[in-house]
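Trainee: can't give you the sequence, but here's the structure:
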């Protein structure tokens, strides 16, 4: 089963080079694509699913070892039977998937709260996300940012995607932001118009001033906020 919706294209791209104001976004199970002028374009997230993620593999292995040690710690000094070892292995298999899903659920909740707030609506923050939302508010205030767009589409020749937010600094520089959560904070991955973001380009109108990498070197790979 698939769902389809019209999603607004970011204002910079929509107003430049004959850009579209809306494109269609189609979600089918865990995959997503966009329809631009009748052409199906895969989402950047879908494309990147085939990209190797060694850090994630290492985390899975580490969490599995930790889960096995935690399980066996209750049986210190006792003989290790085949059944006990089998149960410990099962716990090691389950723990990484469980923890990853919990982290994904927390990230989804944080993303939804930020999106609703950026849309100008009031939100009720659950206790488990209090520190995350505080860090977001502190970051937005300290960086002197004005919202331009949130949850809007970008598209290129072969793929498309949805950006979390586009901000503008007091000095006129634009910041393209992708929010990611850690255990207690939000990680805002910051890029500027005209710079590749997960495979997509945000069209840059002629004469538009953008944030340069040299302006804020600490932001090149992302800023913990």
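Mentor: Done, it's in. Since the model is a prediction, treat every value here as computed from it, not as a measurement.
Trainee: now the chain, which segments are flagged as low pLDDT?
Mentor: For the chain, residues meeting the criterion pLDDT under 70 lie at 17-18, 182-225.
Trainee: so where do the strands sit in it?
Mentor: For the chain, applying DSSP state E gives strands covering 2-8, 22-28, 31-36, 39-42, 145-155, 160-169, 174-181, 186-191, 223-224.
Trainee: okay if I get those as CSV plus mean neighbour count?
Mentor: The way it works is simple: take the backbone N, C-alpha and C, and place the C-beta from them, glycine included. Formatted as CSV, the entries for these read as follows, by neighbours: other CB atoms under 10 Å:
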stretch, mean neighbour count
strand 2-8, 11
strand 22-28, 15
strand 31-36, 18
strand 39-42, 16
strand 145-155, 20
strand 160-169, 21
strand 174-181, 21
strand 186-191, 22
strand 223-224, 15
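Trainee: adding distance to residue 111, write those strands out as CSV.
Mentor: Output for the strands of the chain, formatted as CSV (distance: least, CB to CB, whole Å):
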stretch, distance to residue 111
strand 2-8, 15
strand 22-28, 16
strand 31-36, 15
strand 39-42, 21
strand 145-155, 9
strand 160-169, 7
strand 174-181, 6
strand 186-191, 9
strand 223-224, 16
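Trainee: so which of those gets nearest residue 104?
Mentor: Nearest to residue 104, of all the strands of the chain, is strand 174-181, at 9.3 Å by CB to CB.
Trainee: what's the longest helix seen in the chain packed up against?
Mentor: With secondary structure taken from DSSP state H, the chain has its longest helix at helix 82-118. Taking 3 or more CB pairs under 8 Å, 6 or more residues apart in numbering; DSSP states H and E as contact, the helices and strands that helix 82-118 lies on are helix 54-72, helix 130-142, strand 145-155, strand 160-169, strand 174-181.
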